[in-house]
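Q: Got a sequence here, can you model it:
(2 chains)
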Amino acid sequence: MKVLDHLRIRIPADADEAFDGGLLIPVFHRWIQTRALSETLIDVTDYRHLADGPGVLLVCHDAFYSVDPHPARRALLYTRRTAMAGAIEDKIEAAYEAAKEACGRLEREPEFAGKLRFRKDEFEVSVNDRLLAPNTEATFQAISTPLRAALDRRLGPGRYTISAIGEARDLFTVAVRAVP
Amino acid sequence: MKVSNSLWKQRLEGRIEPHLAAEIDIFENEVALRKQGKIDEKVFAETRLRRGCYGQRYDNGQRHDGVATQKIEFPTAGTKGPNTLWDAPGMQRIKIPFGGVNAAQLEMLADVAEEYSDGVAHITTRQDVQLHFVHIEDTPALMRRLASVGITTREACGNTVRNVTGCPIAGVCRTETFDVTPYAKALAYFLLGHPDCQDFGRKFKIAFSGCRTEACALVRMHDFGAIAVERDGRRGFELYVGGGLGTVPQQARLYTEFLPEEELLPLAQAVCRVFARLGEKKNRNTARLKFLVSKLGMDEFKRLVSEERAGLPFDERWTSWIADLPSWREEPLKPAELLEITPVRPDGFDDWRRTNVYRQRQAGYATVTIALPLGDISSRQLRVVADVARKYVRETVRTTVEQNLVLRWVSEADLPSLYAELRAAGLAEPGAGTVVDIAACPGTDTCKLGISSSRGLAAELRERLSERQFVMDQAIRDLRIKISGCFNSCGQHHVADLGFYGVSRNKAGYTVPHFQVVLGGQWRNNAGSYGLAIGAVPSKRIPAAVDRITGSYLSGRAAGESFQDWVKRVGKAACKAMIEDLMVIPGHDEEPDLYVDWADARKFSIGDIGVGECAGAVVNPIDFQLAACERESFEAQLALEAGETARAAELAYGAMLHGAAALLRQLLPTVSGDPDQIASLFRSRLVDTQLFHDPFAGSKFAHYFLQAHERRGRAVSAEQAHQLVEEANLFIEASHACYARMQSQAVGV
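A: The predicted structure follows:
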């Protein structure tokens, strides 16, 4: 696999009934006001009315950030929109780092203190491009090497498992789980 | 921008109709040339609009963050239109003629929404689909993928024939004269890209309905609206022309009671040619067909169209499709079986069935409405709809002007299992076609013209009303709410029982989001009458206003009295009195939440204005003067309601005159009350200087006053008086906005 961009990282959160997704609105607006992220921030959009939608969305030039409001699926979703520099393993690491940074920021926001905790032992990597990365075994084989390279650097060799998930029509997605 | 963009052309070779493929190739080249600066930005802007690529809020690279206006630092230099930055996210509108979509198309919409947008597709009030936050360089690949399943974005925006809408239950409706679907389809594709439709001064909208009395296609608010009728066993249409909402709504006028089916296409072509030839081109504010019809009068317009029709060179496409009409029919997938009465039904099934299931005229079949909150559906949900469209029906799905989806030809016995599958995907919300099924335009979420958050208000009202929808009186459940973020009526607020459109008001240096409350509009009878505004209420108090008005209706209505009849009987003054206290704006410190819009956290503002020494303490006389103008304008409505046409016109003009004078006194404290002097000074000090210019509508509102001044004293018809009252309302809104601009300039924002 020579080219791979538009990665999506999903980091699950521990469900907490006290979590109020509406509080993401002031938090994301504040991030824009204070230019909290090192990218071009544009606006905030509220999709909480959708039963199966992204919740509150922070729109940036390079990526979308959102937290799935559904208790059973609560997770931060980082969706890369522009091309990234470097080798594939570098892109995977950079995307994961951006998502992780957002998780940390959210956990530290006063609105969510103690109410939102993202998991550190699992995440998903997707490729938001069906032409370059159809959800097939061939794509899995092609991405395994750079993905393992990135994970070896971050988690250490043999300290994780990877598996392809989803149906053929879904985005190509790999679930990463740390080995206990 | 997707790395794979350049690969889609090769991948889809042979799967796109050659002429569509060629058009997209040309557009892709135009995108590349504009990026290199080799096409003028204005030319490119119209080019992309004709491909459905629209601008979005903040695409000028400026955004007020609640404290200050910040620059959005996009990486690529250059523009895709005047004051529209290249990298700024845009909206892609996708035409869905008569709302018809199949499963493969739904899946493709799901894919492109996920890969190029934010994973959400939005159904519009004209049966289109819109995607937001799309990069202009992704659009050719997106268009190719849509074209590969037979969808075009051509002429979805711009000065073109827009999506041809049609009744979503045509063919299965119990009251229709005949199925209008093949007619809508024939006309849509005949006019698509037609050379006679490429030189309009404004957009041109077409709608088809099978019944006169229902509301499914809102024919009478369209430029060209056709209602199915039969005469002596022949099929034809009752044809209306020159309707439209926009800032000053106008009902379409009857062109003919019977247009034979074989004349549909050639007559539409003739109307388009007359519109292209004689319609206004320079001033877009008076360029819709409704202005041409008004200017010429219906008799002269008809004469010109007839003359044009007579001279048209024969085109075999006018009637070649008619031979196929007998074979046009949708087939069910499953045999007709009635719903079994069982003691145990899925949870919520009966409520859902009551509002979301329509018994078709074909026994044993039903049309199911998938009620989409705010018209939104996620990519995952679109795939579920595609699945059920294959499993339960023969992919017979349509979008609706109420921003929903319908599945036609569901065997009634399948309703419980279909419900269960929809419910698992969050698609079985009850309340379709009731007060909770609120239509709203994108408003401040993504639209450049939005003033207040129409979607934020719609979501709030939907949530509040849904909680009690099964305990509320049927008379309230049957009402319709429609919301626009500004006066441009994309949310169709004029034709709702309760309509709202976004405005703002100033209070001690702060700007407060408001909605004008519009009552008395009629949704049925194909948008049979338009409502009028009764007053502006702060956005956060609209739910209270809804409760007050509906509560009064419930307690005060006569047996069987409709909401429109009740509004007419009690009068707008009494309706206004119900909410008058809600219109009073408390000071910022007293109720700060009112100064922030729904689903937002920013202080609602046009800049860092006026939080100075006088904030909250001193009221500028102009606040009183503009409030007096609003009262005068409202009195004009009451006069109109009472049938006092001349007085209504006089009051409406007076409201504008006094508004103009109030603004002028900000610049020239000694302005007299002489109307000629006010008009003259208004032109030189506020119009020529562009101080009164609306950022998007330009001098349109100023001309409402200047024209009214020129025509004052002349006799007016009831229709002209109605228009003058509408114009006075808009002029006063523009005066509020102008005053806010004056204030912000004074403090150097």
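Q: Buried residues in the lengthiest helix in chain A, which are they?
A: Scanning chain A for the longest helix, with DSSP state H as the assignment, gives helix A:88-108. For helix A:88-108, burial by neighbour count (16 or more other CB atoms under 10 Å in any protein chain shown) applies to A:88-89, A:91-96, A:98-100, A:102-103, A:106. C-beta here means a position set from N, CA and C on the backbone, and glycine is covered the same way.
Q: Restrict that helix to CA atoms and write it as PDB.
A: Output in PDB follows, covering the C-alpha atoms of helix A:88-108 (Å, rounded to 0.1, in the frame of the first residue of the first chain):
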ATOM      1  CA  ILE A  88       2.000   5.300   6.500                       C
ATOM      2  CA  GLU A  89       3.100   4.400  10.000                       C
ATOM      3  CA  ASP A  90       3.900   8.000  10.700                       C
ATOM      4  CA  LYS A  91       0.400   9.000   9.600                       C
ATOM      5  CA  ILE A  92      -1.200   6.400  11.800                       C
ATOM      6  CA  GLU A  93       0.800   7.600  14.800                       C
ATOM      7  CA  ALA A  94       0.100  11.300  14.000                       C
ATOM      8  CA  ALA A  95      -3.700  10.600  13.700                       C
ATOM      9  CA  TYR A  96      -3.700   8.600  16.900                       C
ATOM     10  CA  GLU A  97      -1.700  11.300  18.700                       C
ATOM     11  CA  ALA A  98      -4.200  14.000  17.600                       C
ATOM     12  CA  ALA A  99      -7.100  11.900  18.800                       C
ATOM     13  CA  LYS A 100      -5.400  11.100  22.100                       C
ATOM     14  CA  GLU A 101      -4.600  14.800  22.600                       C
ATOM     15  CA  ALA A 102      -8.200  15.700  22.100                       C
ATOM     16  CA  CYS A 103      -9.300  13.000  24.600                       C
ATOM     17  CA  GLY A 104      -6.900  14.300  27.200                       C
ATOM     18  CA  ARG A 105      -8.100  17.900  26.700                       C
ATOM     19  CA  LEU A 106     -11.700  16.800  27.100                       C
ATOM     20  CA  GLU A 107     -11.000  14.800  30.200                       C
ATOM     21  CA  ARG A 108      -9.400  17.900  31.700                       C
END
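Q: after that helix comes which helix or strand?
A: Following helix A:88-108 in sequence order, the next helix or strand is strand A:117-118 (DSSP states H and E).
Q: Contacts for that following strand next, please.
A: A:11-14, A:16, A:75-76, A:103, A:106-107 (CB atoms under 8 Å, 6 or more residues apart in numbering or on different chains).
Q: Now those residues in TSV, please, with extra columns for pLDDT and distance to B:Leu724.
A: Below are the contacts of strand A:117-118 laid out as TSV (pLDDT from 0 to 100; distance: CB to CB, whole Å):
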residue	pLDDT	distance to B:Leu724
A:Ile11	98	59
A:Pro12	96	60
A:Ala13	94	57
A:Asp14	88	62
A:Asp16	72	58
A:Ala75	96	56
A:Leu76	97	55
A:Cys103	97	58
A:Leu106	96	54
A:Glu107	95	59
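Q: Separate out the buried members of the residues you listed.
A: For the contacts of strand A:117-118, a burial check counting by 16+ other CB under 10 Å picks out A:11-13, A:75-76, A:103, A:106.
Q: Mind picking the two most distant members of those?
A: A:Pro12 and A:Leu106 (13.2 Å; CB to CB).
Q: all helices of chain A, in order?
A: Per DSSP H, chain A carries helices over the ranges A:24-33, A:88-108, A:137-155.
Q: list the contacts for the residue in chain A positioned nearest to chain B?
A: Closest to chain B within chain A is A:Ala51: 2.5 Å, counting by CB to the nearest CB. By CB under 8 Å, 6+ apart, the residues touching A:Ala51 are A:70, B:381, B:425-427, B:429.
Q: ok now stretch B:205-218, how far from the chain's centre?
A: Taking CA atoms, centre = their mean, to the nearest Å, the mean C-alpha location of stretch B:205-218 is offset from the chain mean by 16 Å.
Q: export that stretch as CSV, just CAs?
A: Extracted C-alpha coordinates of stretch B:205-218, given in CSV (Å, rounded to 0.1, in the frame of the first residue of the first chain):
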residue,chain,number,x,y,z
LYS,B,205,-38.9,26.1,-9.4
ILE,B,206,-41.4,23.5,-10.6
ALA,B,207,-43.8,21.3,-8.6
PHE,B,208,-46.3,18.6,-9.4
SER,B,209,-49.3,17.5,-7.3
GLY,B,210,-52.0,14.9,-7.9
CYS,B,211,-54.6,16.7,-5.8
ARG,B,212,-55.8,20.2,-5.4
THR,B,213,-56.6,20.2,-1.7
GLU,B,214,-53.6,18.3,-0.2
ALA,B,215,-50.3,19.8,0.6
CYS,B,216,-47.8,17.3,-0.6
ALA,B,217,-46.1,19.4,-3.3
LEU,B,218,-47.0,23.0,-2.4
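Q: where's B:Val517, which helix or strand?
A: Assessed by DSSP H and E, B:Val517 sits inside strand B:510-519.
Q: roughly how far is that strand from the heart of the chain?
A: Relative to its chain's centre, strand B:510-519 lies at 18 Å (CA atoms, centre = their mean).
Q: What of stretch B:654-674?
A: The answer for stretch B:654-674 is 34 Å, by CA atoms, centre = their mean.
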